[in-house]
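Undergrad: coords please:
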Amino acid sequence: MEKYTDQEIIKKIKTVEDAEKLCIERESDLTDIEKSIAAYEKLCLITRQLNQGWIPDWSNFSQRKWFNWFYFASDGAGCGFSHSGSGSDSASVLAHVGSRLCFKSKALAQYAAIQFKSLYEDYLLIKNN
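TA: Next up, the predicted model:
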């Protein structure tokens, strides 16, 4: 695959179609993207079912909304993707946390993070396989 400078690639990609045209050169990119999208869809379904119909009310600042965060660490001996914790925020959601993946309780958020860790990993990480 041809490599471009930052300025060259900015000039080449002005639309989604431009990005799609360049992506055809690397089919592995599509496979990785498809795996991430499939994992996200599954996480959305799991979250919806665990929340049993609860929908976050983003105009209600006193309503707690729980979300998970993860960390990826490399210590030289190996790498690890781990659940870092669950938090809530009643006033806002961080930009890197999708609102479709928030939970009505800390217990549900922690359960999902541990039980479905591999799906979160597939969704959040780009891997060199």
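Undergrad: can we go C-alpha only for contacts and neighbour counts from here?
TA: Will do.
Undergrad: helices of this structure, residue ranges please.
TA: 6-12, 16-23, 27-51, 106-115, 117-124 (DSSP state H).
Undergrad: Tyr40 contacts Tyr123, correct?
TA: Yes - Tyr40 is within contact range of Tyr123, at 5.7 Å (criterion: CA atoms under 8 Å).
Undergrad: just give me the neighbour total for the nearest residue to Lys106 once chain neighbours are set aside.
TA: Nearest residue to Lys106, sequence neighbours excluded (CA to CA, 6 or more residues apart in numbering): Trp66, at 5.8 Å. By other CA atoms under 10 Å, 23 other residues sit near Trp66.
Undergrad: distance of Trp66 relative to Ile33?
TA: Using CA to CA, to the nearest Å, we find Trp66 at a distance of 26 Å from Ile33.
Undergrad: quick check: which ranges of the protein have low pLDDT?
TA: Counting by pLDDT under 70, the ranges of the chain that qualify are 1, 23-30, 74-98, 128-129.
Undergrad: try it again at 50.
TA: Filtered on pLDDT under 50, the chain yields the residue ranges 90-96.
Undergrad: before we move on, back to that, need the helices of the chain in CSV with distance to Phe72, can you?
TA: Shown next, in CSV, are the helices of the chain (distance: least, CA to CA, whole Å):
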stretch, distance to Phe72
helix 6-12, 26
helix 16-23, 27
helix 27-51, 17
helix 106-115, 14
helix 117-124, 10
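Undergrad: tell me which of those lies nearest to Asp57.
TA: Closest to Asp57 of the helices of the chain is helix 27-51 (CA to CA; 13.2 Å).
Undergrad: which strands and helices lie in contact with that closest one?
TA: Judged by 3 or more CA pairs under 8 Å, 6 or more residues apart in numbering; DSSP states H and E, helix 27-51 is in contact with helix 106-115, helix 117-124.
Undergrad: would you reformat the ones you listed as a markdown table and include mean neighbour count and distance to Leu45?
TA: Formatted as a markdown table, the helices and strands packed on helix 27-51 follow (neighbours: other CA atoms under 10 Å; distance: least, CA to CA, whole Å):
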| stretch | mean neighbour count | distance to Leu45 |
| --- | --- | --- |
| helix 106-115 | 17 | 11 |
| helix 117-124 | 18 | 12 |
